[in-house]
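In: Would you be able to build a 3D model of this:
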Amino acid sequence: MSEPYSKIRIGVITIVFVMSFVLFFARLLYVQVVKAAELQQKAIIQYREIIELPAPRGEIFDIKGNKVAVNTSFKSLFAYPLTEEDAQASYASLAQIFGESREKLKGHYSLEPKKFRWIKRDLSPDEAIRFETKNTQCGLFLREEPTRTYPYGAIGAAIRGFVDIDNLGKAGIEMEMNELLSGSPGKALIQKNGLGAQYRIQEIPIKEPESGKSVVLTIDWDKQQIVEEELAWAVDTFKAKGGIAIFLDPRTGAILAAADCVSDSLPSGRPMKLKAVADVFEPGSVFKLITAAAALEGGRVKPQDVYFAENGLWRMGKNQLRDDHKYGDLTFREGFEFSSNIVMGKIANQIGGDQVFAMAKKLGFGRKTRCGLNGESPGGLQVPNRWSQYVTSAFAIGHGVSVTALQMARAMAVVASGGYLCQPYLVAGCINDEGHIVERHIGQPIRILSEYTVATLASFLRGVVERGTAKLLGDAPIAIAGKTGTAEKPNLVTGGYNKNRFIASFAGYFPADSPLVAGIVVLDEPEPIHYGGYTAGPTFENIAVKFAALDKYDVAVSVAPKDEDTTATQQADTVATVMTQVPDIVGDTVARALLKLNQSGLEGVVFGAGIAILGTRPAAHSWIPAGQQVLCYTSRGEYDRQEVPDLKGLTIREAIALLEKYDMPYSCRGQGRVVMQTPEAGVVVTKHDVVQLECQRSAVEQMEQPEQQSEQPGQEQEQEREQKPMAAQKKKGV
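Out: Reported below is the predicted structural model:
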């Protein structure tokens, strides 16, 4: 080839090389400068991914600090195949892990390249081991997921609630306080290799998750277990369809335990609601507490007023009211203690049905208590079109009224607390991850009953146990006060009431003289005995006795086993101090009674001029410290005459209790302690003479009393308060 052609060829090659270099440099400049931001973003998408880091969920504690809900984790399997070949290989791996055919797996999962798909959440340990042993790289991956564990198992499940597979609360406190418990999730950067073959190599936290706050409940899980066990025993023993029980601290409104139970023949599952706050029932005779409160508060009826009980049948035009017994004349007190429908109906007509209705509203019936659990029912409390004689009587004994167990327990707690209405609550406070209390429940009790009304009602409720429809509980190791209820169940199909289906209940408090616990037990259709005093009452007593043994209030209690073969090691502990049991001296002469007390290491103090013992305080069989005084009340002296005891300085409750032991009628004005009495102490009176008490609070007592509010919030205010989140109903504390 000639020299000119060689030069041309070299020149062309040089030009091509230079142009190629220029184009390459231009392309490089375009990629590195012009398209840098866009390509960098694509690279980040291909090699990195931002994911959400779940926050550790707050734990749940009971009032004693026991953990009832803690965090744990489980392994889940998911698929993220990059190619169709990866998807087919995933089917082959899944067939080996789960032992199923490829065709069935393909129809169930339908894996596609670069698409996320859960295979199975919460793998069993065996399945997780099989996957890890295979160590597949075909697009199947394991992931740790948070969940909950409940150390106490099913105990308190309806209160505590549960979470779903995504760790979100679905019932109970887990759902009600979900936002607080969940905390705030964080963010993390996940890096992949160039092919994306490994979905998760390393998590680089960008924002640390904020742990949820832990919640402290008012529930004592030991008491909760007692209530659940005793309620289950009652449902089984009395062949009831189900049962409900709830107990609270009358001084604060704190719920101590709440349970429900259904018979084995009924379907059961994961509890979605607590029946004690969600289900309603007709209260029957326990509602007579409200009627009695209205009568006493109005001042128009006195305990010694006499009413004719119509020998068990009171006809009112086309309607009629019956008693289980054919009573003649009964006092107001006796009508309440023996649960006479006719006497309480006549009293309601005397004061007016609107007064009973107003008292029911005052005690919180007909609206939610806002206790802190979802699904709470307001109950049913509607003003009738006309307060006829029969309608008034029926309302007075709890017909046409629907209540929750919590509402009825709170009404009983008003008497136990001395006349104050407290808002029941379930969350005592919240703590952060450092263990500091950041939020507490702060309630304001409202006085709604006078001291005279409370003291008289307290004596009525004690009389129900000592002489009335719950006298089966009179020998309980711990003094109980309360009211029985036996209500016919409404027939929702035909209207009216079923004559052979009953709701049996007992609402009360204990210890009777210094109440620390108030509550109610309700049994649905117990058989063959359907009376509340023989079914719900003994169940209430069993719970009270075990509570006393657990907390060792001011007495020690030996819990008798239900089965004869129960060993001594299963008995409840007793107080370490020297305790002795009050002997049963009712009916003994004074001399013999004092001798028995002395032999038991107790000191007897005799009241009255009679020769026989009518009763003691504390009651017979109570456990008290050795050397303590026992008040012995005697019968009246000759010709039914009696000296008036010295009542000055006593509280209204103490004075009324003493007068009732003497069977002396009384009237009372004012509040606080007795400052004047007529007749004076020592004056001899007959059983017809009325002892008049003048009471007054000292300046110190007036300062210590919570602010009194006689009126309830209006309906609009009530609705607004119900709509506020629970956290807004509490105040910040240290």
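In: And the helices in the stretch 251-400 of the chain, which stretches?
Out: Ranges of helices in the stretch 251-400 of the chain, per DSSP state H, counting those that start in this stretch, are 275-278, 288-298, 332-337, 341-351, 353-362, 389-396.
In: what does the fourth one rub up against?
Out: So that's helix 341-351. With contact meaning C-beta atoms under 8 Å, 6 or more residues apart in numbering, helix 341-351 is reached by 285, 288, 291-292, 294-295, 298, 300-301, 307, 309-310, 312, 314, 321-323, 327, 330, 332, 334-336, 356, 389, 392-397. Every C-beta, even on glycine, is put in place using the N, C-alpha and C of the backbone.
In: got it, and the third one?
Out: Contacting residues not belonging to helix 332-337 are listed as 288, 292, 295, 301-305, 307, 309, 340, 342-344, 347, 459-460, 463-464, 467-469 [C-beta under 8 Å, 6+ apart].
In: The same query, at a cut-off of 7 Å, please.
Out: 288, 292, 301-303, 305, 307, 343-344, 347, 460, 463-464, 467-468 (C-beta atoms under 7 Å, 6 or more residues apart in numbering).
In: By mean pLDDT, flag the weakest helix or strand of this structure.
Out: Every helix and strand of the chain was ranked by mean pLDDT, DSSP states H and E. The lowest is helix 715-723, at a mean of 39.
In: Outline the domain layout of this structure.
Out: 3-34, 51-215, 221-265+275-570, 579-704 (automatic domain parsing).
In: most packed of the ones you listed?
Out: domain 221-265+275-570 (a mean of 21; mean count of other C-beta atoms under 10 Å).
In: now that domain, how far from the chain's geometric center?
Out: 15 Å (C-alpha atoms, centre = their mean, to the nearest Å).
In: ok, now stretch 215-233?
Out: Using C-alpha atoms, centre = their mean, the offset of stretch 215-233 from its chain centre is 9 Å.
In: Not counting its neighbours along the chain, what's nearest residue 578?
Out: residue 626 (4.6 Å; C-beta to C-beta, 6 or more residues apart in numbering).
In: can you check residue 519 too?
Out: That would be residue 247: by C-beta to C-beta, 6+ apart, it lies 3.3 Å from residue 519.
In: ok, the strand or helix carrying the one you found: who's next to it in the sheet?
Out: Assigned by DSSP states H and E, residue 247 belongs to strand 242-248. Looking at strand 242-248 with DSSP bridges, its partner strands are strand 255-262 (antiparallel), strand 517-524 (antiparallel).
In: For residue 27, see how far away the residue nearest to residue 282 when sequence neighbours are not counted is.
Out: The shortest distance from residue 282 to any non-neighbouring residue, by C-beta to C-beta, 6+ apart, is to residue 487 (4.9 Å). For residue 487, the distance to residue 27 equals 90 Å [C-beta to C-beta, to the nearest Å].
In: beta partners for the residue nearest to residue 519?
Out: Taking DSSP bridges as the rule, residue 247 bridges to residue 257, residue 519.
In: ok, it - contacts?
Out: Residues near residue 247 by C-beta under 7 Å, 6+ apart: 227, 256-257, 517, 519.
In: Correct me if wrong: residue 86 contacts residue 139.
Out: Yes. Residue 86 lies in contact with residue 139 (C-beta atoms under 7 Å); the separation is 4.1 Å.
In: residue ranges of the helices in the stretch 451-600 of the chain, please?
Out: Here the stretch 451-600 of the chain has its helices, by DSSP H, counting those that start in this stretch, at 451-466, 536-551, 590-599.
In: Those helices: which one's closest to residue 428?
Out: Nearest to residue 428, of all the helices of the stretch 451-600 of the chain, is helix 536-551, at 16.8 Å by C-beta to C-beta.
In: which helices and strands sit right next to that closest one?
Out: Counting contacts by 3 or more C-beta pairs under 7 Å, 6 or more residues apart in numbering; DSSP states H and E, helix 536-551 is packed against helix 221-237, strand 497-510, strand 517-524.
In: And the contacts of the shortest one?
Out: The reference is to strand 517-524. Counting by C-beta under 7 Å, 6+ apart, 234, 238, 240-250, 256, 281, 405, 408-409, 412-413, 416, 503-507, 509-510, 535-536, 539-540, 547 sit against strand 517-524.
In: picking that back up, export the strands paired with strand 242-248 as JSON lines, with columns for mean pLDDT and distance to residue 76.
Out: Shown next, in JSON lines, are those (pLDDT from 0 to 100; distance: least, C-beta to C-beta, whole Å):
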{"stretch": "strand 255-262", "mean pLDDT": "93", "distance to residue 76": "34"}
{"stretch": "strand 517-524", "mean pLDDT": "97", "distance to residue 76": "42"}
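In: Include distance to residue 74 when you put those into a markdown table, please.
Out: Listed next are the strands paired with strand 242-248 as a markdown table, based on distance: least, C-beta to C-beta, whole Å:
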| stretch | distance to residue 74 |
| --- | --- |
| strand 255-262 | 29 |
| strand 517-524 | 38 |
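In: Does the residue nearest to residue 282 touch residue 288 like I think?
Out: No. In this structure, residue 487 is not within contact of residue 288 by C-beta under 7 Å, at 11.2 Å.
In: Please report how far residue 122 lies from residue 442.
Out: Distance check for residue 122 against residue 442: by C-beta to C-beta, it reads 40 Å.
In: ok, now residue 533?
Out: For residue 533, the distance to residue 442 - C-beta to C-beta - is 38 Å.
In: before we move on, the earlier item: and the helices of the stretch 451-600 of the chain: which comes nearest residue 261?
Out: With C-beta to C-beta, the closest approach to residue 261 among the helices of the stretch 451-600 of the chain belongs to helix 536-551: 10.7 Å.
In: for the helix or strand harbouring residue 87, packing partners?
Out: Assessed by DSSP H and E, residue 87 sits inside helix 84-98. Here helix 84-98 touches helix 102-109, helix 125-134, going by 3+ C-beta pairs under 7 Å, 6+ apart.
In: Adding mean pLDDT and distance to residue 632, write these out as CSV.
Out: CSV is the format used below for those (pLDDT from 0 to 100; distance: least, C-beta to C-beta, whole Å):
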stretch, mean pLDDT, distance to residue 632
helix 102-109, 73, 81
helix 125-134, 69, 68
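In: Please name whichever of these is nearest to residue 477.
Out: So among the helices and strands packed on helix 84-98, helix 125-134 is nearest, using C-beta to C-beta, at 49.2 Å.
In: Kind regards, and thank you for your time.
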